[in-house]
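K.L.:
What follows is a predicted protein model with its sequence.
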Amino acid sequence: MACYSTRLRTRQTYSWVGKPFLNPKLHYHSYKEMSVKIEGGLTEIHIQVGQFVLIEGDDDENPYVAKLVELFEDDSEPHSKKRARVQWFIRFCEVPVSKRHLLGRKPAAQEIFWYDYPACNSNINAETIIGRVQVVALGPDEVIPMDLKNEETLFVKLSWNEKTFRPLSSELFAEFDKLENAARCQKPVGAKTKAVRSPSWTRAEHDIKRIESRHSTSKSRPTPSHPATPRAKKRLELSGLGFPRTPSTRISQQNSGALLDSPGRSKRKVALSEITSPTKRSQPDELHTLSPALKTPQKTGEIHSSCARNDKKASPDCQRILRTRVPALNTMEIIEERTLKPIYRGWPSSVVPSVILTPKNIKKREAEEPEAQDETTSTSHRIRRKSSFLTLNRIRQQLRFLGNSISNQEEDEFLPAAEISDSSSEEEETSTPPLRGRTSSRVSRDPSSSMKSSLQTPSKTPKKTPKPHTPRHATPQIRSRNLAAQEPASVLEEARLRLHVSAVPESLPCREQEFQNIYNFVESKLLDHTGGCMYISGVPGTGKTATVHEVIRCLQQAAKANDVPPFQYIEVNGMKLTEPHQVYVQILQKLTGQKATANHAAELLAKRFLTQRSSQETTVLLVDELDLLWTQKQDVMYNLFDWPTHKEARLVVLTIANTMDLPERIMMNRVSSRLGLTRMSFQPYTHSQLQQILISRLKNIKAFEDDAIQLVARKVAALSGDARRCLDICRRATEICEFSCRKPDSPGLVTIAHLLQAVDEMFSSSYITAIKNSSVLEQSFLRAILAEFRRSGLEEATFQQVYSQHVALCRMEGLPYPTMSETMAVCSNLGSCHLLLVEPSRNDLLLRVRLNVSQDDVLYALKE
Amino acid sequence: MSSRKSKSNNVIHAEYLSQVQRILQVQYKHLIELLKRTAIYGESNSVLIIGPRGSGKTMLINHALKELMEVEEVSENVLQVHLNGLLQINDKIALKEITRQLNLENVVGDKVFGSFAENLSFLLEALKKGDRSSSCPVIFILDEFDLFTHHKNQTLLYNLFDISQSAQTPLAVIGLTCRLDILELLEKRVKSRFSHRQIHLMNSFGFPQYLKIFKEQLSLPAEFPDKLFSEKWNENVQCLMEDRSVREVLQKHFNVSKNLRSLHMLLMLALNRVTASHPFMTAADLMEANQLCSMDSKANIVHGLSVLEICLIIAMKHLNDIYEEEPFNFQMVYNEFQKFVQRKAHSVYNFEKPVVMKAAFFYAQQLPACLQEMDAGQFPPQMATCIHLQVLKWRGGIILIQIFLTS
């Protein structure tokens, strides 16, 4: 034991225990154990990787709870700091108040939650660790013991991911177990070997059973530890326990009975420290405390042989045995196995806690097998549920014509989403990347700001609802308001809220065909693992971007449900770039989080997309406002469309622009040829479609007359077919309505008159009113211009010419003689309003004057 | 007494404010409702305030913001960003200014401003993070809005309008402009994102209202300390308003421009004549002020010319009549001048050619507009003379009309 660095703190001294070993990838030394000396070395606590620890926090009474994943020395710091990586747990009091109701029950006093939130940084300073704590994992239907004397024991039953509480998935149980095992054998967590079932092993396993049938429970307990991967070890452990005893039902019953009677009833739970399970205490002698390094099991007879045999096998094989065994077991065996479960695995030092699998745990893991046992039905039922069916349902829901009111839809959306993610997280144990970190208002937890996690599909929420408090992110935000925004009170206010363009409707009516086309395109590319381009055009306000977003949202749901392979979604907007080449920087940053200059980013991206990579997910790239990516050499567009043509890239590019013939007009042949012919154009909305959109938004609210809606739909359809305009007019009409009928009791109905006024305000030309309201001299100057135009027959005149006309006009009308300066001022006034077009460069007498309004308009305005 | 005068000047400003508010009641109501909805409900909005210069656009928005900030729940919850198209001449500067005014730099810590691209994505990220109910609403006031439309790709406007139309940080984008054709300047996708709300300020009052404004601007308020004087002063103002010549002056002013700012200027000129010995404004003061206001600047210049210079201008006028609209050079002007001198040798001294040349140059320099247009440095000296005289010719044409009329 060597102390590498000791730094005196006020109360506690932290030092490493054990030899460091160099992590070759990350270039730092990691440790397995740390000792904390308190008060001058009187007491010393050893903390090892895999144990549960308390960590200093804001609240002294409720320190943070976490599981130690790794201890290491950070050499990048000047004083070589001790760091630790942890998996957080969260106390109920740390859950945001607004989300607490989601639990649906009163939390137990010592209940904590597995914190399943990837955006939180798990890297902490090791010297903030206060001490150890016991954490017991409970299955979903177990009850938290209320009358525990030991207040130091905490229970984890559910996981919390900032949105929902969920029962601990089998994956998490496995992780518990895995980490524990890893800690025990002091080997880095290796690659998980896949559990492959081979029927031949059932035979061998039966042999083992027969051989070892007469072993007592106690003797079998000290199973050999194994340098295998954690998972393999876990299985081994099972075999060591289960095999000797299972063949005879009688024995197993005995065993189960005996163990059930034993004080260690709580063995069903995972005991996490040496003091937890009384069974272990009662048989301390029989525990062969095997250090992971110690590979020779000190055992006798058959068990030795079996163990040796297991040892000889490579871990995957062992696993195979166990994997296959379980389905074959009958109910009896399972029960027995469960009761036998509290295996204790010794640790070199007596202080070591250990996680022991609960039967629940096993069940969950085995729930994937079709032969799930009775006990597991609750879980397996959920798992077996076709999540794909849900997604289909969901898409149907999206497409639903005029759906429920928005609030209903929100509810609908919420529930299936939760379910899908539940089942998917359980199903794809291995595919989900380990989630670590947490986000909350607790800044103190991690001083270093974490990079924004890339938009990994499984972890990305479909709805873009950023957390109001995310100080962790390096990007800043507008400060939040002190007083919450008021909610709409009246019908009109509610209507106005829904009519706002920003209100994202649950379904996009009238774009079903386009939705389906884009969906099919992207889905087929995802399923085929190929790439492709699509060009989407349409005038502004026809729902192009909204439809694509909808498609992506649905696909992300489908990806969660495993209907389509997971994919990465990136969005860039040509208008949000300062110059076309910045698109590389944006894509790279969203893809990998790296920052680079435009040229470097282009190289990196090319390397990424053009070289063969193993196990890579498809990237879906949305390029909005494509025309702005035009450059002289068109290299940006060329690259964007060239990458998808490479097989390895697996890139789907969706491009959006306003003009239908953009590829022909501005692109070189080699670029437009790469873009391909997959095109789609969004037609402007017709009046009936606009009407439908309005009606669907105003569902369940009686704020508009039916005729009024029809009127506005027809007006807008005739002008542009821009849905935004339509919504804006309606919104303005509600304001006018509210303004005109000030009586508080009458709710007010928006009538045709209100809408007409709104339409007038927005579309009527202001030139005529401007001329009508201009001063006398300005009006006569305009007349002079008309007269001069008529005289010369041209549409342009110099100031000098107009001035002479103006003087004559004034004389005729009996106005005082207009001086040159006055007339010039009048002219420049009109020019600044752009009623006249005047050139700024050649002012003075030779100023050329043109009208910016039609002559008829001027005549009409001047008539009165 | 002088202190009293300055006081009354200050008061005029305040009166002016309330006046604007009363004239623009409808527009004011519209704007304040809009701002309140953004501030209280977190609704994003965009609006353009359009009106000719001096119609009270800035006054309107300032007043509305002032009233808004007086509401207690709003004052701490609203961020304001003021931009001016004349100051923020491109998006890069505008972005920095926005970041500065939003105080975002604090969040970045010691990070000083990065590149343009970084700034943009930074700001967009910041604005994107918010949502309707929890983020502080930001009110963007873009003065000289039309100048923002000349920025490359209209990136800033696109992004502001885009945010105001999506569920991000609530924004109120308020553009002030005097251009009536502002919507045609917006690119189609920017235009589609703009909500098309326009508030027009058109100076739509008539002469009687104009008179009332005149009276209210001159009257002393009730809280003026010297009650006796303020009574007398107000009486005098009432008299002035009924005076025929004053009405004529005002009518003339009103005819030229309905701009309240120019009325303000006129009154300031008149008020400056008020002294301790001359405590009340008279109609003559106003008339004189009006004369100052409507003075023809070019005729003024000609008044101060020497005999030689006037002779040269007359010569140019003759040339202009002979070769209509054709340019001529200094030699031609000099020849014309020589002819004139020979005919009337008794009245005008025959100057040497260099002296005449110098006079012509001096004259050209007195009119800075000529020099502005023609950069003499670019041409050889002879050419320059020729060009200046060409300008003088046109100028002279009108100026001589002035002279003939006035003399």
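P.N.:
Nice, thanks for sending it over. Residues are numbered from 1 along each chain as shown, chains lettered A, B, ... in the order given.
K.L.:
Tell me where the model's unsure across the stretch 51-200 of chain B.
P.N.:
Applying pLDDT under 70 to the stretch 51-200 of chain B flags the ranges B:105-113.
K.L.:
the strands in it, which residues?
P.N.:
Here the stretch 51-200 of chain B has its strands, by DSSP state E, counting those that start in this stretch, at B:79-84, B:138-143, B:171-177, B:197-200.
K.L.:
Are there helices or strands packed against the longest one, and which ones?
P.N.:
When you say that, I think you mean strand B:171-177. helix B:25-36, strand B:45-50, helix B:57-70, strand B:138-143, helix B:145-148, helix B:155-164 (3 or more CB pairs under 8 Å, 6 or more residues apart in numbering or on different chains; DSSP states H and E). (Each C-beta comes from the backbone N, C-alpha and C, glycine too.)
K.L.:
most packed of the strands of the stretch 51-200 of chain B?
P.N.:
The highest mean neighbour count among the strands of the stretch 51-200 of chain B, using mean count of other CB atoms under 10 Å in any protein chain shown, belongs to strand B:171-177: a mean of 26.
K.L.:
which residues sit against that strand?
P.N.:
Outside strand B:171-177, the residues that touch it by CB atoms under 8 Å, 6 or more residues apart in numbering or on different chains are B:31, B:34-35, B:38, B:44-50, B:57-58, B:61, B:127, B:137-146, B:148, B:160-161, B:163-164, B:182.
K.L.:
Spell out which residues of the stretch 201-350 of chain B are next to chain A.
P.N.:
B:202-204, B:252, B:254-259, B:294-299 (CB under 8 Å from any CB of the partner chain).
K.L.:
Counting only strands, which of the residues you listed make the cut?
P.N.:
Using DSSP state E, no member of those sits in strands.
K.L.:
Now list the buried members of those.
P.N.:
B:202-204, B:252, B:254-259, B:294, B:296, B:298-299 (16 or more other CB atoms under 10 Å in any protein chain shown).
K.L.:
any chance of the helices and strands packed on strand B:171-177 in CSV, with distance to A:L859 too?
P.N.:
CSV is the format used below for those (distance: least, CB to CB, whole Å):
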stretch, distance to A:L859
helix B:25-36, 28
strand B:45-50, 23
helix B:57-70, 29
strand B:138-143, 34
helix B:145-148, 27
helix B:155-164, 35
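K.L.:
May I see those organised as JSON lines, with distance to chain A added?
P.N.:
Putting these into JSON lines (distance: least, CB to the nearest CB, whole Å) gives the following:
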{"stretch": "helix B:25-36", "distance to chain A": "7"}
{"stretch": "strand B:45-50", "distance to chain A": "7"}
{"stretch": "helix B:57-70", "distance to chain A": "12"}
{"stretch": "strand B:138-143", "distance to chain A": "6"}
{"stretch": "helix B:145-148", "distance to chain A": "9"}
{"stretch": "helix B:155-164", "distance to chain A": "4"}
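K.L.:
give me the low-pLDDT residue ranges for the stretch 251-400 of chain B?
P.N.:
For the stretch 251-400 of chain B, the ranges with pLDDT under 70 are B:325-327, B:344-348, B:360-400.
K.L.:
give me that answer again for 90
P.N.:
B:252, B:256-265, B:273-276, B:278-283, B:290-400 (pLDDT under 90).
K.L.:
those helices in it, which residues are they?
P.N.:
Counting by DSSP state H, counting those that start in this stretch, residue ranges of the helices within the stretch 251-400 of chain B are B:260-271, B:283-293, B:297-303, B:307-322, B:330-343, B:353-366, B:368-373, B:381-406.
K.L.:
Now the second one - C-alpha only, CSV.
P.N.:
Just to be clear, that refers to helix B:283-293. This file holds the C-alpha atoms of helix B:283-293, laid out as CSV (Å, rounded to 0.1, in the frame of the first residue of the first chain):
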residue,chain,number,x,y,z
ALA,B,283,-46.7,88.0,-32.9
ALA,B,284,-43.7,89.7,-34.3
ASP,B,285,-41.4,87.2,-32.6
LEU,B,286,-43.2,84.4,-34.2
MET,B,287,-43.1,86.0,-37.6
GLU,B,288,-39.5,86.6,-37.4
ALA,B,289,-38.9,83.1,-36.3
ASN,B,290,-40.9,81.9,-39.2
GLN,B,291,-38.8,84.0,-41.6
LEU,B,292,-35.7,82.4,-40.1
CYS,B,293,-37.2,79.0,-40.6
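K.L.:
Tell me the buried residues in it?
P.N.:
Those would be B:283, B:285-287, B:289-290, B:293, for helix B:283-293 by 16+ other CB under 10 Å.
K.L.:
circling back to that earlier point, give me the PyMOL select line for the contacts of strand B:171-177, limited to the buried ones.
P.N.:
Buried residues among these (16+ other CB under 10 Å), as a PyMOL selection:
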select buried, chain B and resi 31+34+35+38+44+45+46+47+48+49+50+57+61+127+137+138+139+140+141+142+143+144+145+146+148+160+161+163+164+182
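K.L.:
coming back round to it: which one of the residues of the stretch 201-350 of chain B next to chain A is nearest A:L851?
P.N.:
B:M202 (18.9 Å; CB to CB).
K.L.:
Touching, that closest one and B:S55? I think so.
P.N.:
Yes. Applying CB atoms under 8 Å, one finds B:M202 in contact with B:S55, separated by 7.0 Å.
K.L.:
Check the buried residues of helix B:283-293 against A:N62 and report the nearest one.
P.N.:
B:C293 (76.6 Å).
K.L.:
list the contacts for that closest one?
P.N.:
Counting by CB under 8 Å, 6+ apart, B:C293 makes contact with B:253, B:262, B:265-266, B:269.
K.L.:
Now the buried members of those residues.
P.N.:
Among the contacts of B:C293, the ones that count as buried by 16+ other CB under 10 Å are B:253, B:262, B:265-266, B:269.
K.L.:
For chain A, what is the nearest residue in the stretch 151-300 of chain B?
P.N.:
B:S192 (3.4 Å; CB to the nearest CB).
K.L.:
ok, for the closest residue to chain B within the stretch 501-650 of chain A, nearest residue in space, not its chain neighbours?
P.N.:
Shortest the stretch 501-650 of chain A-to-chain B distance, computed as CB to the nearest CB: residue-wise this is A:P540, at 3.4 Å. Closest residue in space to A:P540, ignoring its immediate chain neighbours: B:S192 at 3.4 Å, by CB to CB, 6 or more residues apart in numbering or on different chains.
K.L.:
For that neighbour, give me its contacts.
P.N.:
Applying CB under 8 Å, 6+ apart, the residues near B:S192 are A:539-541, A:722, A:724-725.
K.L.:
run the last query once more with 10 Å
P.N.:
A:501, A:539-542, A:658, A:720, A:722-725, A:728, B:161, B:165, B:186 (CB atoms under 10 Å, 6 or more residues apart in numbering or on different chains).
K.L.:
Among those, give me the pair with the biggest separation.
P.N.:
Going by CB to CB, the pair spanning these furthest: A:N658 and A:D728, at 19.1 Å.
K.L.:
Between these two, which has more neighbouring residues?
P.N.:
A:D728 (26 against 18; other CB atoms under 10 Å in any protein chain shown).
K.L.:
what about the more buried one, which SS state?
P.N.:
helix (DSSP: H, G, I helix; E, B strand; the rest coil).
K.L.:
Many thanks, we can stop here.
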